[in-house]
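Visitor: Here is a sequence with its predicted model. Questions after.
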Protein chains: 2
Amino acid sequence: MNSFLITGAITAAIIIYITFKVLDHSPGNKQTNKLSNIIQKGARSFLFQEYKVFFPVVIGLSLLFSLIISWKAGVALLIGSFLSTLAGFFGMTIATKSNARTTWAATKGIGEALKVSFSGGAIMGLTVSTLGIVGLAVIYRITNEIETISYYALGASLVALFARVGGGIYTKAADVGADIVGKTEANLPEDDPRNPAVIADNVGDNVGDVAGMGADLYESYVGSIFSALALGIYYFGEKGFNTVIFVVISGLISSVIGIFFTLFNAAKTQNPANTLRTGTFVASILTLAAVFFYSILKSWIEIFIVILLGIIVGVTIGLVTEYYTSGRKIKKLAKSAVMGPANILISGTALGMASTFAVTLLISLAVILSYKFLGLFGVALAGVGMLSTIGISLSVDAYGPIADNAGGIAQMAGLDPKVREITDALDAVGNTTAAMGKGFAIGSAALTALALFANFSNLSGIKSISPGDPYLFLGALIGGMLPFFFSALTMNAVGNAANDMVNEIRRQLKEIPGILTGEGTPDYEKCIQIATKGALKRMVLPALLAIISPIAIYLFFTAVGIAGLLIGTTVSGVMLAIFMANSGGAWDNAKKYVEEGHFGGKGSFAHKATVVGDTVGDPFKDTAGPSINILIKLMAITSIVLITIVRR
Amino acid sequence: MNSFLITGAITAAIIIYITFKVLDHSPGNKQTNKLSNIIQKGARSFLFQEYKVFFPVVIGLSLLFSLIISWKAGVALLIGSFLSTLAGFFGMTIATKSNARTTWAATKGIGEALKVSFSGGAIMGLTVSTLGIVGLAVIYRITNEIETISYYALGASLVALFARVGGGIYTKAADVGADIVGKTEANLPEDDPRNPAVIADNVGDNVGDVAGMGADLYESYVGSIFSALALGIYYFGEKGFNTVIFVVISGLISSVIGIFFTLFNAAKTQNPANTLRTGTFVASILTLAAVFFYSILKSWIEIFIVILLGIIVGVTIGLVTEYYTSGRKIKKLAKSAVMGPANILISGTALGMASTFAVTLLISLAVILSYKFLGLFGVALAGVGMLSTIGISLSVDAYGPIADNAGGIAQMAGLDPKVREITDALDAVGNTTAAMGKGFAIGSAALTALALFANFSNLSGIKSISPGDPYLFLGALIGGMLPFFFSALTMNAVGNAANDMVNEIRRQLKEIPGILTGEGTPDYEKCIQIATKGALKRMVLPALLAIISPIAIYLFFTAVGIAGLLIGTTVSGVMLAIFMANSGGAWDNAKKYVEEGHFGGKGSFAHKATVVGDTVGDPFKDTAGPSINILIKLMAITSIVLITIVRR
């Protein structure tokens, strides 16, 4: 674990270096700088209020665990939540500082703009991985117990759920609200400063897509490492434990190299998609090379095979995602829009549901092969393999919203349209990489869920389940229901918050004179407040659901019921998450395809139908879908903690 | 089992009596009679072509089973498929003879119209239950083996899946196609004879909602009785076996009494909803009374409790369905349409997903309590209890499409608008009862699936499963994916067939002169052919999926994998079915609510948004959703047959 601390110290230094490099860039003229500051202020104010909601929960739980288990458990929970929060906060702060700098860099060319926005993303990527392993190492140093790490993971998961749900509601309420009134009713273009919700929309990108995603991947990373460490010790002792540490460190160092490689190439690139892909590729190859030598050295070639498998399956899931959300599939989907909104909705729903087939088979393949080679430890290790280069893949993910924001600032500040063209090009690349990132997230969530389930089984003391035991079946039935109910709650939250937003925008357009001619200034602040309040109020119930259900199931249906619960939630959750991510992504891209001039282009009947599809897809892909991944893991970790408590 | 034959003989006589009574009514004037004949011809022609597709499969399987198992298995399969087909065919023939008779009766008042349409439905209800138990008894008499009944159930399930999927694609392709061009583009009212797809639409009601539903409930009935008989013998010997028979017979005789009670009251009623509800209530109370005396006589009060539980939970699921698809919920949903189609789609999706919560808890309650009292046999018996009064509840279900058709005929024949008002009132009642019927179908499917799963476990010889066994988890993952993939296939089938239909209608409107002024006659036949071809071509792949998956899973993941597969399919299938049924029902009713004059009424912006919702909901609630219930059970029965074969 000392090696985690040493690696963390090095990467921390690198984070500081890149941060100073980013801040060295000019935030542009007075106008862009001011817009960036407003966005930053709005985003921070949301996060602070979010903390006020969930920190009492975290502190309460921490005290509870300190009393009934040990002070170590309480501290681990606190550290997990604190570091996850810190990663999200720091990453988002830098992102909001990078946006105007990207806008200004775009006046010099696409290469410069890519460099700044990717640097901003890289800080998030490296911060998440660095804090993730440092926290783990610190707790292990203090307690010398692997079990205590489950409380650390629980803290991270809790924060992740709140951040994803809260941020997801915020960003989509603002987005949908701004679109419905601004674009559809008042015919304003995207990011027009006359739209009162325009700043809230840009704030949303930061609190949802940056801070929310950061906390999300923090918990995925920590959860997968924890489950692999625990199964490694359980089945292979010290040897298994050290292997996980080696894989994690190789992945992180390779990510750093990949990031510098990308930054080096960025300045002179004309093809940002290619540059980003090459950087990620370099990181993966270096990780594989390191693991290969390790395997040879330890005469344990299965390790290499499993990691290779995890990476290949992860990439293939990404490619499947790309297949369903681009190219031929999108053309066909866009074509169905010609018949009207109902048709593109039916076709898009079917498309997302159909995509579960290939993804499920790929996940199954990863599980079955990794299990053949290394048993349940192999399954967990394949999950770690998928996430090992999170340092760079999260950088690529986080750069998208920065470029998106940069475009918004360019538009609002009234810069040369060429600037916007550059940021749009970067944003489009970001959308594709984000879709692939979601594929990785789902794949690793499924593997980690199985690994956590295996940990739960080991801890629960259940040696065998009679297949006719109705508790297993009932647990699975209730577990399978939860992702549906959870999605309903989050989507309703978006719908209701968006309604509040729509009413407010309509009110402003009516009551503030000269707002549409540009003579009056909209009350941006009010829209930010509405999105903030709407998100905070509505994130609590879904989050509680994840914590309370395993406890309730245990009380009624014992540990066998929990086993069923976890199977049910994972199964229906993974399917819903794939369906929602891919339907949403496909509708988004179908709209863009029509906007490029196909089937009548902007303003046509087909375009209006695709806008409906895109609006429906927004809460699917950016609120409900990604939150389900966390729900699955949070429930698994809650179950693990619960079973260790009741079996003491 | 002799009592099944005796009861069957009595109910067969009653069916003949009611049939003659229906045929005694006048089919109206030349025009209504002609329309009825065209619809009947179209529906029959579809069924005959459907048989040509699936009978080779059935006969092939029957020969295969005769060779590798015994001639008895082959014969049982044949009888199951033949009787299910016969029930659907006969019921549909009577339905198509009752439609014009209902139209004509409606000229005399709502009571007369209710009497005729309900008689038509009652013939379907009684035929399904009569043939269901007679077939069972015949096979048991021939073979004296309970196992052979699984082949009978397999035959019924196979036919049900083909009939539901094929009929569901047909009816929605015609409906959606007719709506998109007829209503939206050409502004024709519903059932306007100028719409070329109008006859196909009415044929669709018969092949989908009547024949499809008949085959569906035939398999539910047979499946639940089979699983209860098998578990009854396994756990309680002769005593358990006889109890199931008693419950089934009580339910059927009570249904007959309830039907006559309803017919007696129908003539003078002004409140059809009330009359139907009272009839169903009478049947349930009589069944309960009979079972109560039986329980006292045999000193086995648990039987009564379990049946009572099944009926109460079934009714409550129906009420939950009603709650989510009417009243306050619908007002709120319709209100969201004011913001546009995207909002009502998001809200409606969330509504359907939220409804899984209460339904799942109710199903869990039924399982856990019935298990407490009578073990797994109790679970199966509760399922039988839910379906015991299928004789009357299917009558109520089947009367809806007859009233719907009667309205279409009134419109097309240009009768007095008052006639249409009466049939519309009957149709509206039918929609509510259909929604409640779907609730029952889902509840009983879940219980039967668990009972079949228990049978599978007993037969498989698996004594216990290690919770860490990845085969269980993988089976569940793949099983959970299948309902999603299956829904994608069926929805795409509807979408593609509807596209063909849209193109054909557009072509006719353009090429046939005077079609919109009523001077030219549309080519109805062509539209019927397109719907027929579209449905037949596209029903094969989804049906094959259900049969092949258990076999594939067994080869890769052994019997433990199948256990996981069945859990996964049931869990995600039940949730998807509930979600789709209730979202679809809610959108349908929201549209009707707006059409009553709320939020701007017909033609308003809100109305257009609700039409989009309704169109999306159509394949949800009438194609994909109901087919999933059969998918779940067909996979379970296939698994049972498979495991008995491989373990011989």
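Guide: Sure thing, it's come through. Residues are numbered from 1 along each chain as shown, chains lettered A, B, ... in the order given.
Visitor: C-alpha only now, for contacts and for neighbours.
Guide: Noted.
Visitor: Now do the contacts for the nearest residue to A:Leu126 once chain neighbours are set aside.
Guide: Using C-alpha to C-alpha, 6 or more residues apart in numbering or on different chains and skipping residues adjacent in sequence, the residue nearest A:Leu126 is A:Gly391, 5.1 Å away. For A:Gly391, the contacting residues are A:Ala122, A:Gly125, A:Leu126, A:Val128, A:Ser129, A:Gly251, A:Leu252, A:Ser255, A:Val256, by C-alpha atoms under 8 Å, 6 or more residues apart in numbering or on different chains.
Visitor: Helix or strand next in line after the one helix or strand A:Gly391 maps to, which one?
Guide: Assigning secondary structure by DSSP states H and E places A:Gly391 in helix A:390-412. The C-terminal neighbour of helix A:390-412 among helices and strands, as given by DSSP H and E, is helix A:417-460.
Visitor: Show the contacting residues for A:Glu190.
Guide: By C-alpha under 8 Å, 6+ apart, the contact set of A:Glu190 is A:Asp179, A:Lys183.
Visitor: where does the residue most central in space within chain A land on pLDDT?
Guide: Closest residue to the average C-alpha location of chain A: A:Met213 at 3.3 Å, with C-alpha atoms, centre = their mean. Note on A:Met213: pLDDT of 88.
Visitor: cool, A:Ile249 as well?
Guide: pLDDT, read off for A:Ile249, is 97.
Visitor: Would you agree the residue nearest to the centre of chain A falls within a helix?
Guide: Yes: under DSSP: H, G, I helix; E, B strand; the rest coil, A:Met213 sits within a helix.
Visitor: Any idea how many residues pack against the closest residue to it other than its chain neighbours?
Guide: Distances taken as C-alpha to C-alpha, 6+ apart put A:Arg164 closest to A:Met213, at 6.7 Å, once the chain neighbours are dropped. A:Arg164 has 30 neighbouring residues, counting by other C-alpha atoms under 10 Å in any protein chain shown.
Visitor: ditto for A:Pro522
Guide: 24.
Visitor: And the one 5 residues further on, by the same measure?
Guide: Other residues near A:Cys527 come to 26 when the count uses other C-alpha under 10 Å.
Visitor: Please apply the same query to A:Asn144.
Guide: 12.
Visitor: Can you read off the backbone torsions of it?
Guide: phi 60, psi 20 (degrees, to the nearest 10).
Visitor: State the distance from it to chain B.
Guide: Distance, A:Asn144 to chain B, by C-alpha to the nearest C-alpha, to the nearest Å: 26 Å.
Visitor: Over to A:Gln270. Which of the three states is it?
Guide: The three-state assignment at A:Gln270 reads coil, by three-state DSSP.
Visitor: could you check the distance from it over to chain B?
Guide: Separation of A:Gln270 from chain B (C-alpha to the nearest C-alpha): 38 Å.
Visitor: Report the contact partners of that residue.
Guide: For A:Gln270, the contact set (C-alpha under 8 Å, 6+ apart) comprises A:Ile110, A:Gly111.
Visitor: quick one, phi psi at it?
Guide: Torsion angles, degrees, to the nearest 10, at A:Gln270: phi -110, psi -10.
Visitor: A:Ile465 now?
Guide: Dihedral pair for A:Ile465: phi -120, psi 130, per degrees, to the nearest 10.
Visitor: Do I have it right that it meets B:Ser464?
Guide: Yes: the pair A:Ile465 and B:Ser464 qualifies as a contact (C-alpha atoms under 8 Å) at a distance of 5.1 Å.
Visitor: Following the helix or strand hosting A:Ser119 in sequence, what is the next regular element?
Guide: Assigned by DSSP H and E, A:Ser119 falls within helix A:110-143. Remark: after helix A:110-143, the chain's next helix or strand is helix A:149-177, criterion DSSP H and E.
Visitor: Can you check what angle separates that next one from helix A:110-143?
Guide: Helix A:149-177 and helix A:110-143 are oriented at 150 degrees to each other (axes from the mean of the first three to the mean of the last three C-alpha atoms, to 10 degrees).
Visitor: Now find how far off-centre helix A:149-177 is within its chain.
Guide: Relative to its chain's centre, helix A:149-177 lies at 9 Å (C-alpha atoms, centre = their mean, to the nearest Å).
Visitor: Provide the count of other residues in contact range of A:Lys602.
Guide: For A:Lys602, using other C-alpha under 10 Å, the count is 17.
Visitor: Tell me the spatial nearest neighbour of it, not counting adjacent residues.
Guide: Closest residue in space to A:Lys602, ignoring its immediate chain neighbours: A:Glu595 at 4.9 Å, by C-alpha to C-alpha, 6+ apart.
Visitor: what does A:Ser66 give?
Guide: Excluding the flanking residues, the one nearest A:Ser66 by C-alpha to C-alpha, 6+ apart is A:Gly74, at 4.7 Å.
Visitor: need the contact list for A:Ile637.
Guide: Taking C-alpha under 8 Å, 6+ apart, we find A:Ile637 in contact with A:Ser150, A:Ala153, A:Leu154, A:Leu452.
Visitor: Now for the nearest residue to A:Ser583 once chain neighbours are set aside, how many residues are close by?
Guide: Distances taken as C-alpha to C-alpha, 6+ apart put A:Gly352 closest to A:Ser583, at 4.3 Å, once the chain neighbours are dropped. Residues near A:Gly352, counting by other C-alpha under 10 Å, number 29.
Visitor: Tell me where the longest helix sits in chain A.
Guide: Counting residues, the longest helix found in chain A (DSSP state H) is helix A:524-595.
Visitor: Tell me the first helix or strand C-terminal of it.
Guide: helix A:605-619.
Visitor: I'd like to know which elements that next one is packed against.
Guide: Secondary-structure packing of helix A:605-619 (3 or more C-alpha pairs under 8 Å, 6 or more residues apart in numbering or on different chains; DSSP states H and E): helix A:149-177, helix A:327-336, helix A:341-387, helix A:524-595, helix B:341-387.
Visitor: What residues of it count as buried?
Guide: The neighbour-count check on helix A:605-619 (16 or more other C-alpha atoms under 10 Å in any protein chain shown) flags A:605-619 as buried.
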